[in-house]
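Colleague: next one to model:
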Amino acid sequence: MSERLKYIVQELNKPPFSKNLNLISFDGLDPTQRLQILNDVFADIEPKNKIDIRQEAADQTAVRMFAMLRALKYKPETDVNAFRQGLVQGDKSVVYAIIYWCLQSMPELKKRAYLAKYLVKLDITPEVQQDDEIHAMMQQYEEMMEEFKSVHKDHNAFETSGFSTADIKKDIENMEEEKEQLGKRVERIKKKTENMQGKEPMLVVAKMLRTEKERQQELVTQTQEQQSALALAEQRIQRIRQQLKEMRAAGIKTTPEDLMQQLEEETKTNDYLVREKYPKEIASQQTICKDLQKVASIPAMGQSDLDDLNNSIKSVNASINQLIEKKMLLTNDPEEKTALFRQQAAMVSRKKETAADTLEKARHELSQIDAEVEEKKLTLKDLDMGDVLRGEEFKRYVAKLRVMNNDYKKKRAEISEIRAEVGILTRSEEILKEQEEEILKDLRVFEEKHGISGYTSAQDELEHVSTLKSELDKQKGQTLEDISEMVQQLHMKIAEKKSALAPIIKELRPMRQKCQELTQVYEENKAAYDALAAKLESSRSQLEQEAKLLWDEYNSLESKHHLLSCQMDIVQVEEKKVQSEEEPSMDAQEKRVTLRENYNRLVQEQETLGKQLREKQKSIRENHDGNIKQMKMWKDFMRLMECKQSVVQGETPGGREHGQTPGGREQGQTPGGREQAADDDDVMLPLQI
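Modeller: All right, here's what the predicted structure looks like:
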């Protein structure tokens, strides 16, 4: 731990951090400051993390740091839950381990963080991906991601190749100079061979020699490719032979009847899954999707809407329970014998469904386990770890694992007890701190009353300073002793390592030569592999393009076929109608009305309707002027009546005669008689005017 702290402090004191820390000040930081230093390290790796965590919520800080560690592929040294809790609380061991890991491999982590921005896939739900536009965008996004991978690989290969722009420019200049020299040399040779006899046959022979050499090089590359393909085929044959041996060993004790019985059981189970279980699951998922679509289409609801829905659900559930009770009362007939069989059938169907679920889970787990076993076998073959443990060795290994598991459980129980005690102690510490604060408040009030405020704080500071001085003195003495012991131990270890490394260095020299030879062979094989891979990739892309074109052509032809078949059906139906119209009726008494007669009848009706409308239009045109005059006379008549009404309503109250009512009517006269008189006056008024 001390070595880690020294390394962390040394790195943090260097640029770009420049923290000016020492071991004591760094170890005495509070959790917030430790998390801020960790955030600064993350900011050096990824600049978007450059933020003051005091201005950020604690949960947002935790989520951001966890996402950063996930992108950097950090593996915690402790349990995951304890690691998360320690990081949130700013625990020393957790934060120091992360900082040490980051500072050790800073360039690699910067590269990893840079790649994470472009290679981490977006988390989109399958429902959203069903949209055509989003699906097309996701495909384009994945294609661009693959393109970025290839470009980044080329960039890394170019960086690690050792070439620089200056070297490339020098090479280009040298090649241009060589080109000029070769041109001059060719011109000199042409001048020399102008008057030479038999020049043309010699040129033809030289050309043939050059083509044969190029063909020889191509044949060498082809032989290498064929040898590599042969090696791959031999490996595949060995794997197939091993699988054949395993299959034969598994089929020694089995008979054809057993195999047939197993196949029948598998077919029955698969038939049940396909015909009964999967359709029910698909129907249930479809109903769930429909319900979710309905919920998504409904606008946002408030608390009152939710309360109404809950009340309606409760009422529906109550009605359902009542109906179930009524059904049970109705079916509770002792004479009915089918109820027992129904219950048994329901129990059998439920058992069958549970068995199908367990079978499906077991099959899924078996496929996962088989895949894991194959991966482990491949890793063992790559690492040359030997064969898998079998028989007694495996039993001993299992017994050892059981002992270790028991020890692990005991230690875990002890850790849980210690954590519980730590929780109790932290709570008691908080209570004591609260009591101490209350006592200090009372003490400050007491000191202010007696005029000696600040006495206890000064005394505490003096005691704290004295204790710090004594601790520092002890630490200085201890550090000097530790340093002297460390120096002695280092001298002893160096001498031991020198004596131990001498024979290893002697053995290492021939191994280095062998390593160089193997690296050369590896580079040659790698070049051949790259050439073959590029060739196969180009052929694969060409085949994919051809398959895509053929598929598009097939889809277009299929759509055209469906369109033509629909058109043929329509034409056949119309042809049948025409034939039915042309064929005479077989029954003489049955008088069938044809479409031509119907259409002729409709045409005659429309013609008669048009004649009536034209006559009506003609009459309206002839009486148009007289109607306008009559309408004008009625408007004038209405205007005169309105004037008379205004005159009658404008009479003064003093002008009424004795014996008249306020309505202008004589006593003893009926309203009907008054209205009749008014009507007579109205009729005579236009004539008088």
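Colleague: below-threshold pLDDT in the stretch 301-450 of the chain: ranges please.
Modeller: 301-302, 328-340, 380-394 (pLDDT under 70).
Colleague: need the helices for it, in chain order.
Modeller: In the stretch 301-450 of the chain, the segments counted as helices under DSSP state H, counting those that start in this stretch are 303-331, 338-383, 392-450.
Colleague: what is the rounded mean pLDDT of stretch 496-509?
Modeller: Stretch 496-509 shows a mean pLDDT of 77.
Colleague: run the chain-centre distance for it.
Modeller: With CA atoms, centre = their mean, to the nearest Å as the basis, stretch 496-509 stands 54 Å off its chain's centre.
Colleague: helix, strand, or coil at the residue most central in space within the chain?
Modeller: Geometric centre of the chain, nearest residue: Asp123, 1.9 Å, by CA atoms, centre = their mean. Using DSSP: H, G, I helix; E, B strand; the rest coil, the structure places Asp123 in coil.
Colleague: next, give phi and psi for it.
Modeller: The phi/psi pair for Asp123 (degrees, to the nearest 10) reads phi -90, psi 100.
Colleague: I'd like to know how far Ile424 sits from Leu595.
Modeller: To Leu595, Ile424 is 98 Å away according to CB to CB, to the nearest Å. From N, CA and C alone the C-beta is placed, and that goes for glycine too.
Colleague: pretty sure Pro15 sits in a strand.
Modeller: No - secondary structure of Pro15 (three-state DSSP): coil, not part of a strand.
Colleague: give me the neighbour count for it.
Modeller: 5 (other CB atoms under 10 Å).
Colleague: so what pLDDT did it get?
Modeller: On the pLDDT scale, Pro15 is placed at 83.
Colleague: right, and the helix or strand after the longest helix seen in the chain?
Modeller: Longest helix of the chain, by residue count under DSSP state H: helix 455-582. Remark: after helix 455-582, the chain's next helix or strand is helix 595-622, criterion DSSP states H and E.
Colleague: helices and strands around that next one, which ones?
Modeller: Applying 3 or more CB pairs under 8 Å, 6 or more residues apart in numbering; DSSP states H and E, we find helix 595-622 packed against helix 455-582.
Colleague: angle of the helix it packs on against helix 595-622?
Modeller: Relative orientation of helix 455-582 and helix 595-622, computed by axes from the mean of the first three to the mean of the last three CA atoms, to 10 degrees: 100 degrees.
Colleague: for helix 455-582, packing partners?
Modeller: For helix 455-582, the packing partners by 3+ CB pairs under 8 Å, 6+ apart come out as helix 199-250, helix 392-450, helix 595-622.
Colleague: will you turn those into a markdown table that also has mean neighbour count?
Modeller: Listed next are the helices and strands packed on helix 455-582 as a markdown table, based on neighbours: other CB atoms under 10 Å:
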| stretch | mean neighbour count |
| --- | --- |
| helix 199-250 | 10 |
| helix 392-450 | 10 |
| helix 595-622 | 10 |
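Colleague: export those helices to a markdown table and tack on distance to Asn317?
Modeller: Formatted as a markdown table, these follow (distance: least, CB to CB, whole Å):
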| stretch | distance to Asn317 |
| --- | --- |
| helix 199-250 | 54 |
| helix 392-450 | 42 |
| helix 595-622 | 59 |
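Colleague: Leu23 is nearest to which of those helices?
Modeller: The closest of the helices and strands packed on helix 455-582 to Leu23 is helix 392-450. By CB to CB, the value is 25.8 Å.
Colleague: closest one to Gln545 among the helices and strands packed on helix 455-582?
Modeller: Proximity to Gln545, assessed across these by CB to CB, is greatest for helix 199-250 (23.7 Å).
Colleague: tell me the helix or strand right after that closest one.
Modeller: On the C-terminal side of helix 199-250, the closest following helix or strand by DSSP H and E is helix 256-272.
Colleague: count of neighbours near Leu109?
Modeller: For Leu109, the neighbour count with other CB under 10 Å is 23.
Colleague: that one and Tyr118, how far apart?
Modeller: As judged by CB to CB, Leu109 and Tyr118 stand 16 Å apart.
Colleague: again, but for Leu543
Modeller: Using CB to CB, Leu543 is found at 29 Å from Tyr118.
Colleague: surely Tyr74 is within a helix?
Modeller: No - under three-state DSSP, Tyr74 sits outside any helix and is assigned coil.
Colleague: and the gap between it and Ile37?
Modeller: Separation of Tyr74 from Ile37 (CB to CB): 16 Å.
Colleague: go on, Lys111?
Modeller: Lys111 is 22 Å from Ile37, by CB to CB.
Colleague: who's more crowded, these two?
Modeller: The residue with more neighbours, out of Lys111 and Ile37, is Ile37; 18 against 14, by other CB under 10 Å.
Colleague: surely the more buried one meets Glu11?
Modeller: No - counting by CB atoms under 8 Å, Ile37 sits too far from Glu11 to count as a contact (11.0 Å).
Colleague: all strands for the stretch 1-150 of the chain, in order.
Modeller: Applying DSSP state E, counting those that start in this stretch to the stretch 1-150 of the chain gives no strands.
Colleague: pLDDT weak spots in it?
Modeller: Looking at the stretch 1-150 of the chain by pLDDT under 70, you get 1.
Colleague: how about 50 then?
Modeller: Within the stretch 1-150 of the chain, no stretch has pLDDT under 50.
Colleague: please enumerate the helices of it.
Modeller: Along the stretch 1-150 of the chain, counting by DSSP H, counting those that start in this stretch, helices occupy 2-13, 23-27, 31-45, 58-72, 80-89, 92-104, 106-119, 126-129, 132-160.
Colleague: tell me which of the ones you listed sits nearest to Asn555.
Modeller: Using CB to CB, those put helix 132-160 closest to Asn555, at 15.7 Å.
Colleague: same for the very next helix or strand once past the closest one, what does it pack against?
Modeller: Helices and strands here follow DSSP H and E; after helix 132-160, the next one along the chain is helix 165-192. In terms of contacts (3+ CB pairs under 8 Å, 6+ apart), helix 165-192 is packed against no helix or strand at all.
Colleague: report the buried residues of helix 165-192.
Modeller: Counting neighbours by 16 or more other CB atoms under 10 Å, one finds that helix 165-192 has no buried residues.
Colleague: what angle sits between it and helix 199-250?
Modeller: 140 degrees.
Colleague: mean confidence score for helix 165-192?
Modeller: Averaged over helix 165-192, pLDDT sits at 83.
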